[in-house]
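A.B. asks: predicted model, plus sequence, below.
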Amino acid sequence: MPLYKYLPRQYADALLVMGTIRVGTLFDFRKTEHARGVADSSEGTRTILALPDREIITEDQAEKDAFFGMMGARVHGKITVPRGVRFVHKQTSTDHFIFCASTELSSRVQAEFEATDACVEINDISGFLYELTRALNAVAPVRFDGIHEVQYTGRTQEQTLTRFQDFNPAHGLHPGLIKDPSFRRQKELRAIWSPISAMLPEPIITSSRHLPQYCRDVSAGIA
């Protein structure tokens, strides 16, 4: 299955001719100066709503610390939580390098991205991402974490508890793979890289003379 990258014409030509591409970051998407279809101030966040399905009672300090520590509190003494109480746990992903593309070639998808008038098809995804990973590592050491489908859903996810130890902060979708349903027409996949060093990721413009061999201009085929 090919992927499609919608771009302004000058950036599409830079990729097709010189193998030059911009790789952004998760947190960079939050910036309001980005064009419509890219900017999302909530990128990388989610909220877990933990809902006890019955009264929960515990006197075990380790259990209380494990659960309430996630909520930013330490408690002592016997804990009784009646059914219906809600615990809210807000999460923010660590920052990552991100390359986004769509699974669909169409004018409807292109319309989601402001100021784009060209489209590049990536017809060998594994080859392209292997070479892009090499190009990134020439600038900053990174680890490729795979390519993942974005889920268009609300950022609040519910988790039912019968015991405190049932609480799992990793439950559900990773915060970096959630987008508001208003973006759902983009049909996005994300390639993700984690920085290996302690550096904070910043958007990178990188080049590889091998990248163009995995791409072709399909702008004329948009219908």
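C.D. replies: Arrived safely.
A.B. asks: right, and the helix or strand after the longest helix along the chain?
C.D. replies: Determined from DSSP state H, the single longest helix within the chain is helix 125-137. Beyond helix 125-137 on the C-terminal side, the first helix or strand identified by DSSP states H and E is strand 142-149.
A.B. asks: buried residues of that following strand, list them for me.
C.D. replies: 142, 144 (16 or more other CB atoms under 10 Å). C-beta here means a position set from N, CA and C on the backbone, and glycine is covered the same way.
A.B. asks: try stretch 174-187
C.D. replies: For stretch 174-187, by 16+ other CB under 10 Å, it's 175-179, 185-187.
A.B. asks: with adjacent residues omitted, what lies nearest to the most centrally placed residue in the chain?
C.D. replies: Among the residues of the chain, the one closest to the centroid is residue 176, at 2.9 Å (CA atoms, centre = their mean). Spatial nearest neighbour of residue 176, excluding adjacent residues (CB to CB, 6 or more residues apart in numbering): residue 93 at 4.5 Å.
A.B. asks: run through the bridge partners of residue 144.
C.D. replies: Note on residue 144: beta-bridge partners by DSSP bridges are residue 193.
A.B. asks: I'd like the next helix or strand past the lowest-mean-pLDDT helix or strand in the chain.
C.D. replies: Least confident helix or strand, the chain: helix 61-70 with a mean of 80, by mean pLDDT, DSSP states H and E. Next helix or strand after helix 61-70 toward the C-terminus (DSSP H and E): strand 79-81.
A.B. asks: residues contacting the residue nearest to residue 176?
C.D. replies: Residues counted as contacts of residue 93 (CB atoms under 8 Å, 6 or more residues apart in numbering) are 26, 44-45, 174-176.
A.B. asks: please convert these to a markdown table, extending it with secondary structure and pLDDT.
C.D. replies: Shown next, in a markdown table, are the contacts of residue 93 (DSSP: H, G, I helix; E, B strand; the rest coil; pLDDT from 0 to 100):
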| residue | secondary structure | pLDDT |
| --- | --- | --- |
| 26 | coil | 92 |
| 44 | coil | 89 |
| 45 | strand | 92 |
| 174 | coil | 91 |
| 175 | helix | 92 |
| 176 | helix | 92 |
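A.B. asks: any low-confidence regions in this structure?
C.D. replies: Applying pLDDT under 70 to the chain flags residues 32-39.
A.B. asks: quote the end-to-end distance of stretch 98-115.
C.D. replies: 20 Å (CA to CA, to the nearest Å).
A.B. asks: and what of stretch 196-205?
C.D. replies: Taking CA to CA, stretch 196-205 runs 18 Å from one end to the other.
A.B. asks: and for that stretch, what's in contact with it?
C.D. replies: Here stretch 196-205 has contacts from 20-28, 95-97, 136, 139-143, 195, using CB under 8 Å, 6+ apart.
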